[in-house]
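Undergrad: below is the structure, and that's it, no one-letter string:
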């Protein structure tokens, strides 16, 4: 079922497309689909210098420069530097050449989140604990970087996983979410830090559940944080949680674990849609071959009360799907009108005017397909290289034209993009395959 409102311009979601994780094949691309289902595959096939995403890991993140929508495209190499390009995304799929390119990466590798405020762009990466500030008038790193450095818990390594912004008593703060890990099996508390966006000073630190993965902040200054609870496990981690944080205090006010209708799986994302909230859980099966996921539609008021409600199809609605072929990229992203759902290798829109069900989901694109003539929903390409099979990022690069961007109302914009949620052991296999393929390519 499609959205029940006419759009002056369709919403556009871009995605990083790659070959299957353990295939050992190089190359990637950026493709896009709009909310009417029009696909443009391979809108970015190469970065300057003839780089066809040999890092095997094409990334795309959205951000605002003033009132202009931009896309940060990255070839992540799993090393110490990556090649970046900043593009002007276009509804017709013609992105052209990057308006800015850099291989210095502003000292951030593996970027996970962007917040912009005026001419300031703040970047966070998973591979480190720094927040970097970039001057959007020049796209050069600002003086005094790193803007902020997070201090991990004792004996742990810190990783930046998500970031948003919130204004409290007239001061704008970065709300930066960090996890603390020791190897792949030992996680400490996650922490949400509030950092003054003008000075970089730490204002507050809030302890949260282990291995957090996403944050969404509502206009009433309540934050919703999802977490795995520790190690990702087949069937889900019993300690996975959705935590509600009142940032005006600030403190955790509710902790929602395995309660009806969420009785298993991991909390992986949340989207705030008007007064409602969409919650996504997902988990691998025992052999890491298939996924089960659940979508729950409820109200923010119920979540702030510590539950999803009690009456099915009145307080909440839910949709569960089993045996989804393995693909680890998940996202709920709302642009003010259109709610996007990235499900492993497929992209959907969700009709928010009805209860969530199979009928509310409309498939728009598929990363396992390529060749626009025979597979118009295919996000993959076969020229100049074959690239299809998996998604590894996705982000709304152009909101629906009639939607007032949430950023304008709040004074700062927040990147909301899909992230690969492979268990660490599987991710290491993927990295090893990518490194071996890159080494073989260099010998040719």
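TA: Everything's here; your move. Small disclaimer: the values here were computed from a predicted structure and weren't measured.
Undergrad: quick one: buried residues of stretch 72-91?
TA: Neighbour counts over stretch 72-91 (16 or more other CB atoms under 10 Å) mark 72-78, 82-91 as buried. All C-beta atoms are positioned from the backbone trio N, CA, C, and that covers glycine.
Undergrad: show me where the stretch 301-444 of the chain has strands.
TA: 317-325, 329-334, 339-343, 346-350, 361-370, 378-380, 389-398, 413-414, 417-420 (DSSP state E, counting those that start in this stretch).
Undergrad: I'd like those laid out as CSV, including mean neighbour count.
TA: Supplementary listing: these in CSV, determined by neighbours: other CB atoms under 10 Å:
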stretch, mean neighbour count
strand 317-325, 14
strand 329-334, 24
strand 339-343, 25
strand 346-350, 23
strand 361-370, 21
strand 378-380, 27
strand 389-398, 26
strand 413-414, 23
strand 417-420, 24
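Undergrad: out of these, nearest to residue 11?
TA: Shortest distance between residue 11 and those, using CB to CB, is found for strand 389-398: 6.2 Å.
Undergrad: now the angle between strand 346-350 and that closest one, please.
TA: Calculated by axes from the mean of the first three to the mean of the last three CA atoms, to 10 degrees, strand 389-398 forms an angle of 40 degrees with strand 346-350.
Undergrad: can you list the strands that strand 389-398 pairs with?
TA: Sheet partners assigned to strand 389-398 using DSSP bridges are listed as strand 12-19 (antiparallel), strand 417-420 (antiparallel).
Undergrad: residue 61 - how many residues pack around it?
TA: By the measure other CB atoms under 10 Å, the count of residues near residue 61 is 23.
Undergrad: how far away is it from residue 89?
TA: Distance check for residue 61 against residue 89: by CB to CB, to the nearest Å, it reads 11 Å.
Undergrad: what's the answer for residue 349, then?
TA: In terms of CB to CB, residue 349 sits 18 Å off from residue 89.
Undergrad: on that earlier part again, with mean pLDDT and distance to residue 43 as added columns, please give the strands of the stretch 301-444 of the chain in CSV.
TA: Listed next are these as CSV, based on pLDDT from 0 to 100; distance: least, CB to CB, whole Å:
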stretch, mean pLDDT, distance to residue 43
strand 317-325, 88, 25
strand 329-334, 93, 18
strand 339-343, 96, 17
strand 346-350, 97, 14
strand 361-370, 97, 13
strand 378-380, 97, 10
strand 389-398, 93, 10
strand 413-414, 68, 21
strand 417-420, 72, 16
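Undergrad: that older thread, which residues do residue 61 and residue 89 both contact?
TA: residue 71 (CB atoms under 8 Å, 6 or more residues apart in numbering).
Undergrad: run a quick neighbour tally on the nearest residue to residue 197 once chain neighbours are set aside.
TA: Using CB to CB, 6 or more residues apart in numbering and skipping residues adjacent in sequence, the residue nearest residue 197 is residue 172, 4.3 Å away. When neighbours are counted by other CB under 10 Å, residue 172 registers 19.
Undergrad: sec struct for residue 172, please.
TA: strand (DSSP: H, G, I helix; E, B strand; the rest coil).
Undergrad: that one and residue 116 touch, don't they?
TA: No: between residue 172 and residue 116 there is no contact, the gap being 11.5 Å when judged by CB atoms under 8 Å.
Undergrad: got any ranges where the stretch 1-150 of the chain has weak pLDDT?
TA: Along the stretch 1-150 of the chain, segments meeting pLDDT under 70 span 1-8, 79-81, 103-105.
Undergrad: please enumerate the strands of it.
TA: Using DSSP E, counting those that start in this stretch, strands in the stretch 1-150 of the chain cover 12-19, 28-34, 39-44, 58-65, 68-75, 83-87, 100-102, 111-117, 120-125, 130-135, 140-141, 148-149.
Undergrad: got the contact list for residue 294?
TA: 261-262, 265, 280-282, 318-321.
Undergrad: swap in residue 174?
TA: Per CB under 8 Å, 6+ apart, neighbours of residue 174: 115, 122, 131, 148, 163-165, 194-195, 197.
Undergrad: beta partners for it?
TA: residue 165, residue 195.
Undergrad: beta-bridge partners for residue 47, please?
TA: residue 51.
Undergrad: and it, how far is that from residue 61?
TA: Taking CB to CB, one finds residue 47 at 14 Å from residue 61.
Undergrad: and the residue lying closest to residue 417 once chain neighbours are set aside, bridged to which residues?
TA: Spatially, and ignoring its direct neighbours in sequence, residue 417 is nearest to residue 395 (3.8 Å; CB to CB, 6+ apart). Counting by DSSP bridges, residue 395 is bridged to residue 14, residue 417.
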